[in-house]
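Colleague: 3D, please:
(chains A, B, C and D)
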2 protein chains.
Amino acid sequence: MAPTHDPQLLKGVLSLLLLRLLAERESYGYDIVQRLRALGLSDISEGSVYPALARLEREGRVQTRLVASRSGPARKYYRPTAAGTRALAEGTTSWLSLVAVVHPVLVRRPPDPPTSPEDT
Amino acid sequence: MAPTHDPQLLKGVLSLLLLRLLAERESYGYDIVQRLRALGLSDISEGSVYPALARLEREGRVQTRLVASRSGPARKYYRPTAAGTRALAEGTTSWLSLVAVVHPVLVRRPPDPPTSPEDT
DNA sequence: CACCACTACTTGACATCGCCAGGTACCTGG
DNA sequence: CCAGGTACCTGGCGATGTCAAGTAGTGGTG
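Modeller: This is a model prediction of the structure:
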């Protein structure tokens, strides 16, 4: 079964992921997309990442520098600022809080599914 | 400290929560709002819940019935349909998948300024 | 009786943000 | 020169949470 990936579920979490990945290692958009996919977010699209990165920069959470590449156009490397690191910490707290609320609710025993138990 | 509740993080999860709460016990909008708040989502607003409930109904995931009340206007009780139960199961899987990807990334040790390459 | 608070539900305008599609540009190899 | 991979950006769209305001029924208070 496909994960039936709901775009909505990613809302807000993406920028957190971006900040985190950038905090672990400075990198550029194209690379971030690949790292995200390698992490399991195979459906992630560039059209989500680049705008998110741009937003982060506009908000002063990351800073950039251009670095020429041997295999294509110049890469724009992103790195979190102090504000970005702070935002990451706060966002992580929010995420954890949400998970702490949602998870226990969703993971209780199934409440008598009135349908066939053999759905595949 | 304030939970710094990011509205975006709730996207998509709310309908899942509603479906789950409804699966556990048939109830009406106003009651759902209270249950959500009791669960810790204190910032949830009616303006989020009612439209979400209406959407769920429009999508055939819940069915409703009106019940007169002695303490105010009639209550609209919601209850998941078979499709709703199915959607709940699928949505829960999606949520779990997302958490499985996001959580480990966010919960690694706090990133110091990326300057020590001697980290294992 | 008028007014207000609480219960309940609905709706419209608004903002955010991921996605799709399309576009620009650089570089290497045939 | 062309094809294809690398790399980045933008416009328009759609989904959905929030705010604010509106409609209504019920009961308590002055």
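Colleague: hey, let's count contacts and neighbours off CA atoms from now on
Modeller: OK.
Colleague: which parts of chain A sit against DNA strand D?
Modeller: Contact residues (Cα under 7 Å from any atom of the strand) of chain A with DNA strand D: A:8, A:28-31, A:46-47, A:50-51, A:54, A:69, A:71-77.
Colleague: Which of the residues you listed fall within helices?
Modeller: A:8, A:29, A:30, A:31, A:46, A:47, A:50, A:51, A:54 (DSSP state H).
Colleague: and the residue nearest the centre of chain A, which of the three is it?
Modeller: Centrality entry for chain A: nearest residue to the mean C-alpha point is residue A:14, 2.7 Å, by Cα atoms, centre = their mean. At residue A:14, secondary structure determined by DSSP: H, G, I helix; E, B strand; the rest coil is helix.
Colleague: Quick check: the gap between it and DNA strand D.
Modeller: 13 Å (Cα to the nearest atom of the strand, to the nearest Å).
Colleague: Tell me the predicted confidence for that residue.
Modeller: At residue A:14, the model reports a pLDDT of 96.
Colleague: Ok, residue A:72 next?
Modeller: For residue A:72, the predicted pLDDT is 85.
Colleague: List the contacts of the residue nearest to the centre of chain A.
Modeller: By Cα atoms under 8 Å, 6 or more residues apart in numbering or on different chains, the residues touching residue A:14 are residue A:52.
Colleague: Now do the longest helix seen in chain A against helix B:82-106, angle only.
Modeller: Identified as the longest helix of chain A according to DSSP H is helix A:82-106. For helix A:82-106 against helix B:82-106, the angle by axes from the mean of the first three to the mean of the last three Cα atoms, to 10 degrees is 140 degrees.
Colleague: Please see if helix A:82-106 touches chain B.
Modeller: Yes: interface with chain B: helix A:82-106 contributes A:90, A:91, A:92, A:93, A:94, A:95, A:97, A:98, A:101, A:102, A:105, A:106 (Cα under 8 Å from any Cα of the partner chain).
Colleague: so where is chain A shaky, pLDDT-wise?
Modeller: The model of chain A has pLDDT under 70 over residues A:1-4, A:110-120.
Colleague: Contact residues of it facing DNA strand C?
Modeller: Residues of chain A found near DNA strand C (Cα under 7 Å from any atom of the strand) are A:7-8, A:10-15, A:43-49, A:51-52, A:69-74.
Colleague: Weed out the non-buried ones from the residues you listed.
Modeller: A:10, A:11, A:12, A:13, A:14, A:15, A:44, A:49, A:52 (16 or more other Cα atoms under 10 Å in any protein chain shown).
Colleague: residues in contact with the first one?
Modeller: Right, residue A:10. In this structure, residue A:10 makes contact with B:9, B:11, B:98, judged by Cα under 8 Å, 6+ apart.
Colleague: In CSV: these, plus distance to residue A:65.
Modeller: What follows is the contacts of residue A:10, written out as CSV (distance: Cα to Cα, whole Å):
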residue, distance to residue A:65
B:9, 30
B:11, 33
B:98, 31
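Colleague: what's the burial count for residue A:30?
Modeller: 14 (other Cα atoms under 10 Å in any protein chain shown).
Colleague: Show me the contact partners of stretch A:34-53.
Modeller: By Cα under 8 Å, 6+ apart, stretch A:34-53 touches A:5, A:14, A:15, A:18, A:29, A:30, A:32, A:33, B:101.
Colleague: nearest to residue A:62, of those residues?
Modeller: Nearest to residue A:62 out of the contacts of stretch A:34-53 is residue A:18 (Cα to Cα; 10.0 Å).
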